[in-house]
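Enquirer: Model the following, please.
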Amino acid sequence: MPKLSDALDPSVTPTPLGAFARRTAPLWWGLLLFGCTAADNLTYPEIATELDGIVRVEGAGSNRHIAYAERASVSSWYMRSPLTWPLRWPLGLLLGGRHEVDLDNAAGHVRELIAELPDEAGSNLDVCADAAVRLGLLAELDPGTGTQIIALDGFSRVCEQVEAPVFAGPLEQVASFGDPTLAAAARATVQGGRPDRRSSQEWSEARASNYRTALQALVDRPLPTWSDRLALIGDLAELRRLEPDAELEAATATALRTAMGHCLRLLLVRSVQGRDPHFADVRLCAMQQMRRLGGPRTVPLLLALMAAPGNEVRNGKERFDPDPLVQLRLIHLCGQLSGELALQTIKLPDRADWELVAPVDFLCQTILNERDYFSKLRVPAVTALSLCLGRPQVDYDTGWVAAWFREHQSRT
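Expert: Numbers count the residues shown, from 1 in each chain. Now for the predicted structure:
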């Protein structure tokens with residue numbers, strides 16, 4: 001094959017394009033055949049089966065953790081290569097669709113598999129519910145940032161694909177739980193009226209109405225633990241598959257979407273509230289998903305969730321995440337707001353009134369607290385504040401920021 005340096009040597013006769021293509025054809029065929037990922041062209045059941053053979057949840061309670069198999073049965077390359085797609089089933093029958101291999105990087109293999117789950121799930125509610133449980137488990141238990149990010153992204157996508165309500169209710173209550181006594185009563189009513197336990201002689205319109213009300217009560221507020229929330233998704237998905245009554249099937253589907261939304265919302269809330277530098281990228285992913293799913297109204301919510309409580313600030317903790325990329329993302333999100341949204345505050349149940357922070361407050365405090373000449377955040381913060389306030393031009397002299405902030409505080 002000609003070397004790149006030969007192109008600069010006038011004594012070398014250039015190789016015709018056709019001859020070059022023939023000489024390199026084996027290389028390109030090899031790249032096309034073997035360069036696919038672990039999940040290319042696999043169906044959802046194939047991906048789920050492969051995941052079940054690799055991913056295990058071990059331990060109990062707070063000691064639960066993800067364990068990966070060192071050896072597992074995986075799909076053969078011809079079952080996932082784009083070039084062999086028309087022949088994948090004959091080849092699978094002839095040569096076997098799966099084979100056991102040693103997994104040198106099981107976590108990386110799993111990441112490739114779960115990245116395809118949303119595409120393969122589509123808008124099928126049953127399949128999306130199954131994907132949500134798998135992705136939720138990995139997001140909660142896997143210690144790897146890469147896996148958590150892909151799981152968060154995938155969970156967000158499957159919820160969006162089935163129109164699950166993630167941030168539909170009052171934002172002040174995004175992390176509040178329901179009454180456990182009422183939830184237990186609703187669960188008992190639902191279990192007593194399961195389609196596979198009903199007696200046609202005893203089932204009546206009144207019992208059907210009670211069952212429908214119990215379904216609504218069961219998902220009125222999220223359950224207190226992530227494991228219960230994921231288990232509820234699985235339970236409701238099973239009830240929906242068994243339900244013969246069209247009206248109750250629709251009610252169960254609504255409850256299932258609501259349960260998926262609760263689970264994802266609490267997962268995103270937990271993800272943005274950490275401060276561990278190792279998981280800064282996970283926080284960035286969760287922040288972006290909250291903004292995408294909830295719209296501009298979630299930006300004041302992000303500030304409320306990510307701000308340290310007053311007692312922790314008094315003990316020396318920084319008010320906001322010190323990671324510069326996280327702060328820059330908050331600045332960008334705040335700069336997209338204007339009018340009332342830029343001035344809005346969200347009061348969480350455990351916070352005092354004096355702890356409230358609006359997007360313009362965050363921007364002003366960032367500008368005024370940054371060090372002169374050394375700050376990488378002051379310029380974007382001044383630009384964002386100018387956009388929020390609708391100023392005709394950007395003035396990087398912080399004097400006007402201090403004056404505006406004093407006046408704003410006097411009004412509030």
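Enquirer: where are the low-confidence patches of the stretch 251-400 of the chain?
Expert: 373 (pLDDT under 70).
Enquirer: again, only using 90
Expert: 274, 309-316, 349-355, 370-376 (pLDDT under 90).
Enquirer: can you map out the helices along it?
Expert: Here the stretch 251-400 of the chain has its helices, by DSSP state H, counting those that start in this stretch, at 280-294, 298-306, 310-314, 324-335, 340-343, 359-369, 378-389, 399-411.
Enquirer: would CSV of those with mean neighbour count and distance to Leu103 be doable?
Expert: (Each C-beta comes from the backbone N, C-alpha and C, glycine too.) CSV is the format used below for the helices of the stretch 251-400 of the chain (neighbours: other Cβ atoms under 10 Å; distance: least, Cβ to Cβ, whole Å):
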stretch, mean neighbour count, distance to Leu103
helix 280-294, 20, 24
helix 298-306, 23, 37
helix 310-314, 12, 42
helix 324-335, 19, 32
helix 340-343, 17, 48
helix 359-369, 21, 45
helix 378-389, 21, 43
helix 399-411, 12, 55
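Enquirer: could those go into JSON lines alongside distance to Glu140?
Expert: What follows is the helices of the stretch 251-400 of the chain, written out as JSON lines (distance: least, Cβ to Cβ, whole Å):
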{"stretch": "helix 280-294", "distance to Glu140": "12"}
{"stretch": "helix 298-306", "distance to Glu140": "18"}
{"stretch": "helix 310-314", "distance to Glu140": "24"}
{"stretch": "helix 324-335", "distance to Glu140": "21"}
{"stretch": "helix 340-343", "distance to Glu140": "31"}
{"stretch": "helix 359-369", "distance to Glu140": "29"}
{"stretch": "helix 378-389", "distance to Glu140": "33"}
{"stretch": "helix 399-411", "distance to Glu140": "40"}
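Enquirer: Looking at the ones you listed, which is nearest to Gly178?
Expert: Proximity to Gly178 (Cβ to Cβ) singles out helix 298-306 among the helices of the stretch 251-400 of the chain, at 19.7 Å.
Enquirer: Give me the angle between that closest one and helix 324-335.
Expert: 140 degrees (axes from the mean of the first three to the mean of the last three Cα atoms, to 10 degrees).
Enquirer: Tell me where the model's unsure across the stretch 101-250 of the chain.
Expert: For the stretch 101-250 of the chain (pLDDT under 90), the answer is 101-103, 109, 169, 175, 178-179, 197-204.
Enquirer: in it, which spans are strands?
Expert: Counting by DSSP state E, counting those that start in this stretch, the stretch 101-250 of the chain has no strands to list.
Enquirer: Would you map the helices across it?
Expert: 106-115, 117-121, 125-141, 145-161, 180-192, 205-218, 226-242, 246-272.
Enquirer: Compare those and give me the one nearest Gly294.
Expert: Once the helices of the stretch 101-250 of the chain are compared by Cβ to Cβ, helix 246-272 is nearest, at 8.8 Å.
Enquirer: Buried residues, the closest one. List them.
Expert: For helix 246-272, a neighbour-count test (16 or more other Cβ atoms under 10 Å) marks 248-249, 251-269, 271-272 as buried.
Enquirer: between it and helix 324-335, how many degrees?
Expert: Using the same axes, to 10 degrees: helix 246-272 against helix 324-335 is 120 degrees.
Enquirer: Quick one: end-to-end distance for stretch 240-249.
Expert: End-to-end span of stretch 240-249 (Cα to Cα, to the nearest Å): 6 Å.
Enquirer: how distant is it from the center of its chain?
Expert: Distance of stretch 240-249 from its chain centroid, counting by Cα atoms, centre = their mean, to the nearest Å, is 29 Å.
Enquirer: Contacts for it next, please.
Expert: Residues outside stretch 240-249 that contact it (Cβ atoms under 8 Å, 6 or more residues apart in numbering): 125-126, 194-196, 208, 211-212, 252-253, 256.
Enquirer: ok, now stretch 190-204?
Expert: 207-208, 210-211, 214-215, 218, 239, 242-245.
Enquirer: Let's verify Val57: helix, strand, or coil?
Expert: strand (DSSP: H, G, I helix; E, B strand; the rest coil).
Enquirer: contacting residues for Arg351?
Expert: 304, 309-310.
Enquirer: For Asp228, see how far away it is.
Expert: Distance of Arg351 to Asp228, computed by Cβ to Cβ, to the nearest Å: 26 Å.
Enquirer: Repeat that for Thr383.
Expert: Counting by Cβ to Cβ, the gap from Thr383 to Asp228 is 44 Å.
Enquirer: for Glu50, same thing?
Expert: 27 Å.
Enquirer: Looking at these two, which is more packed in?
Expert: Taking neighbours as other Cβ atoms under 10 Å, Glu50 and Asp228 compare with Glu50 leading, 21 against 13.
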